[in-house]
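Engineer: fold the following for me, if possible:
(one chain, ligands or ions: 2)
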Amino acid sequence: MSKVVVKLSKINKIYQTGEVSFQALKDINLEVKKGEFVAIIGASGSGKSTLMNLIGLLDHPTSGSYTLDGEDSSHLKEGKLAGIRNKKIGFVFQSFNLLSRTSAIDNVALPLIYAKVASSERMERAKQALLQVGLSEKLNSHPNQLSGGQQQRVAIARALVTNPEIILADEPTGNLDSKSGVEIMKIFHKLNAEGKTIIMITHEDDIARNARRIIRLKDGEIIK
Ligand SMILES: Nc1ncnc2c1ncn2[C@@H]1O[C@H](COP(=O)(O)OP(=O)(O)O)[C@@H](O)[C@H]1O
Ligand SMILES: [Mg+2]
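Structural biologist: Ligands and ions are numbered 1, 2, ... in the order given. Alright, predicted model coming up:
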């Protein structure tokens, strides 16, 4: 039996804006095991990004507990959370979030600077990560010289370079044409076959169908 890497128990998230409070997540219970490929699907406003931010330790729940790779995160301070986040999670966003004046290889190597890896090893590992996403020919290209699909592959390489336990992707194909979207899904399938845990958020059914398990959110609740 694979170990549980993500365990959310009775998670609630309430946003407070002045006098107005809004419950974005309601009593969420969710377990993801190592090596799973899970899609979280739901309409706009259903709470997908809120859930992703909690799983990625970018935000705190209002109540409930969250255990990531065996460690209860509820009582950890921001410094410790940032360390766990950098080590365990690789993020992929809808809008790629690459540095525009920086080559592909330097974009990919960036997380290794924060991880204090020596320069020569950084370049070697960034090259390997770009090879994994089929971009070994584009090491020195800048984002504006790459297609949207290629930019997203650079972003995936950047997520992989620290060798995280989990890839967490929020609408990774949201800014791509369907052909590029299919390419990105092929890469996720390959990474998953190599043992990576993938949690992918989407509002598109045909993208979600790439996952082995689909979790449906509606108005902040898991309905399926
Ligand atoms: N920082 C915030 N403050 C107040 N309300 C928010 C905040 N972030 C999200 N919301 C609200 O919570 C709900 C869920 O948002 P979100 O998680 O972004 O949904 P999704 O990603 O599924 O579109 C929405 O109604 C949104 O308006
Ligand atoms: Mg969202």
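Engineer: could you pick out the longest helix of this protein?
Structural biologist: Taking DSSP state H as the criterion, the chain has its longest helix at helix 178-193.
Engineer: and that one, which residues are buried?
Structural biologist: Residues 180-181, 183-185, 187-188, 191-192 are the ones in helix 178-193 that count as buried (16 or more other C-beta atoms under 10 Å). Quick note: C-beta positions are derived from backbone N, CA and C, even for glycine.
Engineer: nearest spatial neighbour of the closest residue to ligand 2 within the chain, chain-adjacent residues omitted?
Structural biologist: Of all residues in the chain, the one sitting closest to ligand 2 is Ser49 (3.2 Å; C-beta to the ion). Excluding the flanking residues, the one nearest Ser49 by C-beta to C-beta, 6 or more residues apart in numbering is Asp170, at 5.9 Å.
Engineer: got the contact list for the one you found?
Structural biologist: The contact partners of Asp170, by C-beta atoms under 8 Å, 6 or more residues apart in numbering, come to 48-49, 52, 91-94, 201.
Engineer: again, only using 6 Å
Structural biologist: 49, 52, 93, 201 (C-beta atoms under 6 Å, 6 or more residues apart in numbering).
Engineer: what about the last one, is that helix, strand or coil?
Structural biologist: Looking back up the chat, that one is Ile201. Assigned with DSSP: H, G, I helix; E, B strand; the rest coil, Ile201 falls in the strand class.
Engineer: any idea of the pLDDT on it?
Structural biologist: Reading off the per-residue confidence, Ile201 sits at a pLDDT of 97.
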